[in-house]
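>>> sequence? don't have it. structure:
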Ligand SMILES: NC(=O)c1ccc[n+]([C@@H]2O[C@H](COP(=O)([O-])OP(=O)(O)OC[C@H]3O[C@@H](n4cnc5c(N)ncnc54)[C@H](OP(=O)(O)O)[C@@H]3O)[C@@H](O)[C@H]2O)c1
């Protein structure tokens with residue numbers, strides 16, 4: 001099979017499409033012929049050497065796929081062969097074939113293309129965990145979604161609209177029109193101006209009840225200030241550090257130095273909450289994640305979950321795919337097709 005291999009830390013030239021032995025499904029696993037694999041910001045950070053959860057290099061990245069079950073291991077119902085599925089993979093998804101534990105694979109709804117199917121797991125489970133499971137977003141509350149035009153951002157917008165919250169989103173200006181069409185109530189340019197006074201003006205100085213912030217560093221300080229009383233902030237990324245080589249390491253250091261330090265008494269007296277999410281540390285919570293997935297699949301059936309695929313790059317265009325995400329050009333999901 002062909003697979004996208006990240007050979008070392010570095011710029012986009014470290015990625016190669018290589019031949020690898022076909023995997024064999026072990027007991028309890030299914031072998032999926034991949035039709036589309038998701039590309040995530042974690043893959044960019046991993047290539048840059050800034051993602052501690054990534055496998056040792058050389059490695060095949062890839063947290064999610066959609067495809068067709070080609071064969072099954074022992075203890076798996078053979079009727080699954082031929083089923084169109086979406087799967088969560090602990091790496092190795094960016095390949096023509098991947099073996100996945102059966103519990104991490106679910107049937108792809110007919111109404112989703114393979115590309116749309118691969119856009120579901122990471123973005124929508126992350127957004128669900130942030131907004132619903134941990135953020136407890138309620139109807140008529142206000143939510144600020146940072147990078148609203150990105151993969152997780154658009155997923156969060158679908159969910160927040162369904163809940164009936166008022167939505168605020170930061171994004172590059174080129175994405176604002178699209179975001180308004182998707183239902184975002186207030187699009188804020190955060191690259192050419194300070195977004196905090198704009199948000200405060202839009203909310204009559206009150207701020208919002210929920211903020212999801214994947215930027216890190218001093219962005220978390222500012223987001224915390226934008227919380228209304230009873231507000232919650234979900235931190236889930238360090239996009240601000242993204243860069244190859246020594247620049248990336250320095251940016252991580254800067255982000256850590258500028259990170260806020262919270263005091264529980266301060267949180268108590270200000271009626272504010274902070275929580276963190278790392279979906280990649282949820283592998284031991286299969287039942288919980290399966291419950292979230294079922295809710296999302298109901299959303300697909302009812303039409304309020306609408307994954308938006310920005311672009312499908314071929315495996316041999318992997319350098320372009322990384323440049324696209326790193327260059328902030330994507331609106332929604334980038335997927336890779338063999
Ligand atoms: N903790 C978790 O479980 C978890 C799970 C999934 C994702 N994440 C994190 O969530 C964030 C979004 O992930 P994603 O996969 O959906 O990617 P994404 O948002 O589609 O990523 C690309 C977008 O991020 C924005 N961005 C902000 N700072 C950037 C920078 N320094 N360089 C490049 N782009 C930047 C850009 O949009 P603008 O137009 O807004 O600038 C860009 O288009 C990432 O930080 C990722 O690591 C965390």
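Sure, I can see it. Worth saying up front: this structure is predicted, and the values here are computed from it rather than measured.
>>> my guess is residue 306 contacts residue 159, does it?
No - the criterion here is C-beta atoms under 8 Å, and residue 306 misses it with residue 159 at 11.1 Å. To be clear about C-beta, it is placed using only N, CA and C from the backbone, and glycine gets the same treatment.
>>> More neighbours: the two, which one.
Higher neighbour count among residue 306 and residue 159: residue 159, with 24 against 17, using other C-beta atoms under 10 Å.
>>> what's whichever helix or strand the more buried one is part of packed up against?
Element membership for residue 159, per DSSP states H and E: helix 151-163. Helices and strands touching helix 151-163, by 3 or more C-beta pairs under 8 Å, 6 or more residues apart in numbering; DSSP states H and E, are helix 121-128, strand 142-145, strand 166-171, helix 286-302, strand 333-337.
>>> List the buried residues of that helix.
Judged by neighbour count (16 or more other C-beta atoms under 10 Å), helix 151-163 contains these buried residues: 151-163.
>>> for stretch 198-208, same thing?
Neighbour-count burial for stretch 198-208 flags 198, 199, 202, 203, 207, 208 (criterion: 16+ other C-beta under 10 Å).
>>> Take these and write them to TSV, including pLDDT.
As requested, those are exported to TSV (pLDDT from 0 to 100):
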residue	pLDDT
198	98
199	98
202	98
203	98
207	98
208	98
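>>> Pick out whichever of the residues you listed sits closest to residue 320.
Nearest to residue 320 among the buried residues of stretch 198-208 is residue 198, at 33.6 Å by C-beta to C-beta.
>>> give me every residue that touches that closest one.
Taking C-beta atoms under 8 Å, 6 or more residues apart in numbering as the criterion, residue 198 is in contact with residue 188.
>>> now do the one 3 residues further on
For residue 201, no residue meets the contact criterion (C-beta under 8 Å, 6+ apart).
>>> distance between the one helix or strand it maps to and the chain's centre?
Element membership of residue 201, judged by DSSP H and E, is helix 195-202. Distance of helix 195-202 from the chain centroid (C-alpha atoms, centre = their mean, to the nearest Å) equals 26 Å.
>>> ok, now stretch 45-59?
That offset, for stretch 45-59, works out to 16 Å (C-alpha atoms, centre = their mean).
>>> before we move on, what about stretch 102-120?
Centre-to-centre, stretch 102-120 and its host chain are 16 Å apart (C-alpha atoms, centre = their mean).
>>> right, is that stretch up against the ligand?
No - judged by C-beta under 6 Å from any ligand atom, stretch 102-120 makes no contact with the ligand; its nearest approach is 10.0 Å.
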